[in-house]
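quick one: sequence and predicted model below, then my questions.
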Amino acid sequence: MNKHFRRDPTLAAAIVRLFFHDCFVTGCDASILLDVTPSGEDVEKKAQHNGEFVRGFEAIDDIKTQLEAECPGVVSCADILAFANRDSLVLAAVPHYNVAAGRRDGLASLAKNVDQNLPLPGNSAQEIIQIFEKKGMTIEEMVVLSGAHSIGTAHCSVVADRFHDPEKSREIDCGYLFRMQTLTFCQNHTQDIAFDPYSHHKMDSRFYKELLNKRALLESDHNLAKEPHAHKFMEKYAADQQGWIAKFTTAVIKLGGTEVLTGNQGQIRKQCRAVN
């Protein structure tokens with residue numbers, strides 16, 4: 001990952017997003033990496049809320065190619081993505097942590113499974129809580145994992161409409177300057193805007209302070225900040241960077257074990273974009 005990160009510092013956030021989007025749909029099975037499956041149906045990466053919003057596939061391909069040359073048929077794409085996620089977080093200032101290996105790769109990938117399983121930018125707090133609960137996550141774990149938004153960017157096409165909506169924009173704090181800065185930057189809806197303009201390549205609990213001050217780019221983040229239980233944890237971690245990082249690491253390890261395939265389940269793909 002170091003080589004790719006030096007070439008493109010934004011790639012760390014992209015790989016973290018790719019990992020999260022994979023694990024939340026049918027578990028951490030690398031199904032998001034597939035270009036095609038034997039069924040011929042649209043795959044996850046073609047879903048509306050993946051598509052242009054996920055990237056980093058070429059970096060995973062490169063790692064897979066190197067590993068296959070050294071030890072063919074040993075390391076799954078699901079494990080590669082889990083380790084790449086860890087390395088990306090380390091590049092974003094998260095302390096190194098151990099990742100369990102042994103995941104196998106899924107054989108299916110369906111675009112229609114994405115929307116019902118993935119937290120979406122316009123979700124209510126209750127909808128997001130239910131999605132995390134389905135994955136065995138608590139509200140606290142949901143809040144600490146949402147802190148991954150402290151790195152990377154949002155697409156202007158996703159956030160700009162909220163700032164144009166008079167009813168919703170009234171809830172955006174003090175807002176006039178923040179609102180106008182966002183709208184000015186996002187005049188071109190094809191651009192990306194940093195979640196945290198102060199340290200968008202570094203994991204930082206300052207992100208929670210922004211949410212508590214009603215300066216969320218995503219409506220879903222804003223909705224979480226209004227939910228009483230989530231709000232309590234945001235206040236806690238906004239004042240405790242080290243505590244948040246420690247809890248985040250524990251939660252991301254737990255997420256990496258979600259609905260994994262092991263033993264004789266699935267397969268170890270020869271290349272990550274297609275089943276064997």
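Yes, it's here. What you see is a predicted model, and the numbers here were worked out from it, not measured in a lab.

the stretch 101-250 of the chain: strands as residue ranges?
153-155, 192-194 (DSSP state E, counting those that start in this stretch).

other residues contacting the last one?
This means strand 192-194. Strand 192-194 is contacted by residues Gly152, Thr153, Ala154, His155, Cys156, Val159, Thr182, Phe185, Cys186, His200, Leu217 when judged by CB atoms under 8 Å, 6 or more residues apart in numbering. (Glycine included, C-beta is placed from N, CA and C.)

these two touch, right, the third one and Asp196?
No: assessed by CB atoms under 8 Å, Ala154 is found out of contact with Asp196, at 10.7 Å.

low pLDDT regions in the stretch 51-200 of the chain?
Under the criterion pLDDT under 70, the flagged ranges of the stretch 51-200 of the chain are 163-180, 188-189, 199.

hmm, try it at 90
51-53, 115-116, 120-122, 150, 152-200 (pLDDT under 90).

where along it do the helices fall?
Using DSSP state H, counting those that start in this stretch, the helices of the stretch 51-200 of the chain run over 57-70, 77-91, 114-117, 125-134, 139-146, 156-164, 166-169, 175-185.

pLDDT on stretch 248-262, on average?
On average, the pLDDT along stretch 248-262 is 97.

that stretch: which residues count as buried?
Neighbour-count burial for stretch 248-262 flags Phe248, Thr249, Ala251, Val252, Leu255, Gly256, Gly257, Thr258, Val260, Leu261 (criterion: 16 or more other CB atoms under 10 Å).

okay if I get the residues you listed as CSV plus secondary structure?
Shown next, in CSV, are the buried residues of stretch 248-262 (DSSP: H, G, I helix; E, B strand; the rest coil):
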residue, secondary structure
Phe248, helix
Thr249, helix
Ala251, helix
Val252, helix
Leu255, helix
Gly256, coil
Gly257, coil
Thr258, coil
Val260, coil
Leu261, strand
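
which member of the contacts of strand 192-194 is positioned nearest Arg86?
Gly152 (16.3 Å; CB to CB).

quick check: chain neighbours aside, which residue is closest to the closest one?
Leaving aside its sequence neighbours, Gly152 sits nearest to Ala13 (CB to CB, 6 or more residues apart in numbering; 2.8 Å).

contacting residues for that neighbour?
Contacts here follow CB under 8 Å, 6+ apart; on that basis Ala13 touches Ser88, Ala92, Ala148, Ile151, Gly152, Thr153, His200, His201.

spatially, which two of those are the most separated?
Using CB to CB, the contacts of Ala13 span at most 14.5 Å, a distance reached by Ser88 and Thr153.

more neighbours: the two, which one.
Ser88 (25 against 19; other CB atoms under 10 Å).

roughly how far does the more buried one sit from Phe207?
Applying CB to CB, to the nearest Å, the value for Ser88 to Phe207 is 17 Å.

what do you get for Thr153?
13 Å.

joint contacts of those two?
Joint contacts of Thr153 and Phe207 (CB under 8 Å, 6+ apart) are Phe195.

looking at it, Glu44 is touching Asn113, isn't it?
Yes: contact criterion CB under 8 Å: Glu44 and Asn113 qualify, at 6.9 Å.

more crowded one of these two?
The neighbour comparison of Glu44 against Asn113 (other CB under 10 Å) goes to Glu44, with 28 against 17.

just checking, Val74 touches Arg269?
No: with contacts counted by CB under 8 Å, Val74 stays clear of Arg269, the gap being 11.7 Å.

more neighbours: which of those two?
Neighbours per residue (other CB under 10 Å) separate Val74 from Arg269, with Arg269 holding more: 24 against 11.

who are the neighbours in contact with that one?
Here Arg269 is in contact with Ala30, Ser76, Cys77, Asp105, Val275, Asn276 (CB under 8 Å, 6+ apart).

on the three-state scheme, Thr37 is what?
coil.
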